[in-house]
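In: Please find the sequence and the predicted model below.
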Amino acid sequence: MKVHKHTRAPKSGRLITCPECQHHSRVWNFHWVALTCIYCKESIDKYDWEIYDEHTELDAPFQERTEKNIETSGIASSKTKG
Ligand SMILES: [Zn+2]
């Protein structure tokens, strides 16, 4: 669930997830339009942040992250001979 107009932060703050790097940041208010992620330094629009629900997380089954083998696609440096 993404941040929306009516998203509020409780006194203890709310965790939001950066859509770029998936790191969590805690905020205590939503009186901003964009927030720069302290991890990836990207400026993320408020409504692009994902709400990280600490309570639902407890009930949700643990999901194992499968790391995909990143195939290194050779960067072709094509040199054209004149
Ligand atoms: Zn980030």
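Out: Nice, thanks for sending it over.

In: Touching, residue 16 and residue 25? I think so.
Out: Yes: between residue 16 and residue 25 there is a contact at 5.7 Å, judged by C-beta atoms under 8 Å. All C-beta spots, glycine's among them, are computed from the backbone N, C-alpha and C.

In: Between these two, point out the one with more neighbours.
Out: Neighbour count, other C-beta atoms under 10 Å: between residue 16 and residue 25, residue 16 has more, with 25 against 18.

In: Can you tell me the closest non-neighbouring residue to that one?
Out: residue 49 (4.2 Å; C-beta to C-beta, 6 or more residues apart in numbering).

In: can you pull the contacts of that neighbour?
Out: Counting by C-beta atoms under 8 Å, 6 or more residues apart in numbering, residue 49 makes contact with 2-3, 16-19, 35.

In: State the distance from residue 23 to the ion.
Out: As judged by C-beta to the ion, to the nearest Å, residue 23 and the ion stand 5 Å apart.

In: so what's that residue up against?
Out: For residue 23, the contacting residues are 17, 37-40, by C-beta under 8 Å, 6+ apart.

In: filter these to the buried ones?
Out: Among those, the ones that count as buried by 16 or more other C-beta atoms under 10 Å are 17, 37.

In: still on that earlier bit, go back to the contacts of residue 49 and keep what's next to the ion.
Out: residue 18 (C-beta under 5 Å from the ion).

In: Derive a ChimeraX selection command for the buried subset of the contacts of residue 49.
Out: The buried residues among the contacts of residue 49 can be selected in ChimeraX (16+ other C-beta under 10 Å) with this line:
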select :3,16,17,18,35
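
In: All set, thanks.
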